[in-house]
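1. Prediction below, plus the sequence it came from.
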Amino acid sequence: MPGSSHRRFNPLTGEWVLVSPHRTQRPWMGQTEAPAGPAAPPYDPDCYLCPGNHRAHGTVNPAYTHTFVFDNDFPALRPDAGRQTSDSDGLIVAEDEPGICRVICFTPRHDLTLSRMSVDDIDRVVRVWGEQTVELGAKDDINAVQIFENRGAMMGASNPHPHCQIWASRSLPNEMAKELAAQAAYRSKHGTCLLCDYLRLERAAGERIVFENDHFTVLVPFWAIWPFETLLLPRRHAGAIDGLSPAEMGGLAEALSALTIRYDNLFETPFPYSMGFHQKPTDGAEHPEWHLHAHFYPPLLRSATVRKFMVGYELLGSPQRDITAESAAERLHEMPATHYLDRRSPQA
Ligand SMILES: [Zn+2]
Ligand SMILES: [Zn+2]
Ligand SMILES: [Zn+2]
């Protein structure tokens with residue numbers, strides 16, 4: 001099986017990925033991306049996230065020194081959405097969706113990234129994620145708190161200033177709903193946690209582990225779709241970031257630093273990705289089946305300029321990958337733990 005086409009099952013979503021390891025040598029004549037632009041300056045007077053600058057609607061950012069949280073000026077979800085539903089024979093169905101969108105700046109420094117921030121400063125960000133999860137999750141109408149970061153122009157990030165977003169909604173988004181059903185079904189069948197059991201198998205096998213400390217494991221999941229996709233798992237069963245101890249939050253900060261440095265080193269470029277945390281629903285139930293985790297979905301395939309596309313068979317059939325999860329994990333694991341020297345000239 002390892003060298004020939006096969007498919008792998010994702011127990012978190014119930015979906016399959018096609019793996020074609022024999023195809024890794026095929027020539028690439030497709031689109032290439034522009035290499036990353038010049039390095040950003042520490043402060044950008046035109047950036048709407050830098051301290052002291054003006055945002056939309058005339059708001060002025062405070063002179064913040066570490067993290068800064070504010071309600072998104074152009075939110076995708078609004079708290080004042082109604083409570084209407086419409087349903088025509090179960091075929092044309094819609095419902096109002098109230099929610100709250102926030103932005104969290106990781107640091108006042110416009111030129112930094114998670115990979116270039118100190119672990120102590122990332123730890124402050126982790127604590128803010130926990131606080132925001134508690135604050136937003138406590139609201140009656142909020143049942144899902146989705147924290148995510150888009151990094152890099154390739155991922156559509158609108159501003160290089162290091163920041164993430166939180167979209168908190170009444171309904172569970174699709175991915176969360178699939179994972180909730182899978183984790184609940186696994187628990188009722190086996191009486192144990194899906195991701196606790198999976199983590200035990202992966203640690204015994206060792207071949208897909210990228211990084212570990214006392215509290216967190218970073219691995220390329222067996223069912224990964226993106227070439228260098230990873231999954232971050234707390235070793236102890238916890239459902240949300242606010243359920244982590246201070247030591248575990250520190251472990252998460254260290255794991256985020258270690259992983260993002262290895263990503264940047266892989267192609268010696270600021271590595272683009274979408275990442276985010278999947279936390280248990282904040283609907284008031286206990287959710288013992290839910291195991292907190294983070295997904296990193298980076299698009300780059302073989303260099304700083306060649307990315308993977310999800311088209312053709314992947315849109316119409318199943319996702320497909322060429323390099324195996326095992327070889328991706330091995331390459332990431334072998335990356336230096338210190339950052340490569342960025343030779344780009346600073347932005348004018
Ligand atoms: Zn900025
Ligand atoms: Zn667990
Ligand atoms: Zn997930």
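-> Yes, it's here. Ligands and ions are numbered 1, 2, ... in the order given.

2. Give the buried residues for the host helix or strand of residue 327.
-> Using DSSP states H and E, residue 327 maps to helix 325-334. Going by neighbour count (16 or more other Cβ atoms under 10 Å), the buried part of helix 325-334 is 325, 327, 328, 329, 331, 332, 333. All C-beta atoms are positioned from the backbone trio N, CA, C, and that covers glycine.

3. so what does the strand or helix carrying residue 103 touch, helix or strand wise?
-> Residue 103 is part of strand 99-105, with elements assigned from DSSP H and E. With contacts taken as 3 or more Cβ pairs under 8 Å, 6 or more residues apart in numbering; DSSP states H and E, strand 99-105 sits against strand 68-71, helix 119-137, strand 163-169.

4. Please enumerate the helices of the chain.
-> Here the chain has its helices, by DSSP state H, at 119-137, 174-190, 194-205, 246-266, 313-316, 325-334.

5. so what does the fourth one touch, helix or strand wise?
-> So the one you mean is helix 246-266. helix 119-137, strand 209-212, strand 216-219, strand 230-234, helix 325-334.

6. mind putting those in a markdown table, mean pLDDT and distance to residue 104 included?
-> Below are the helices and strands packed on helix 246-266 laid out as a markdown table (pLDDT from 0 to 100; distance: least, Cβ to Cβ, whole Å):
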| stretch | mean pLDDT | distance to residue 104 |
| --- | --- | --- |
| helix 119-137 | 98 | 6 |
| strand 209-212 | 98 | 24 |
| strand 216-219 | 98 | 20 |
| strand 230-234 | 98 | 18 |
| helix 325-334 | 96 | 26 |
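
7. Just send those back as CSV, with distance to residue 46 too.
-> Shown next, in CSV, are the helices and strands packed on helix 246-266 (distance: least, Cβ to Cβ, whole Å):
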stretch, distance to residue 46
helix 119-137, 24
strand 209-212, 36
strand 216-219, 35
strand 230-234, 33
helix 325-334, 35
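
8. Residue 151 versus residue 111, what's the distance?
-> Per Cβ to Cβ, to the nearest Å, residue 111 is found 14 Å from residue 151.

9. related to what we said a few turns ago, for ligand 2, find the nearest of the helices and strands packed on helix 246-266.
-> Nearest to ligand 2, of all the helices and strands packed on helix 246-266, is strand 230-234, at 8.2 Å by Cβ to the ion.
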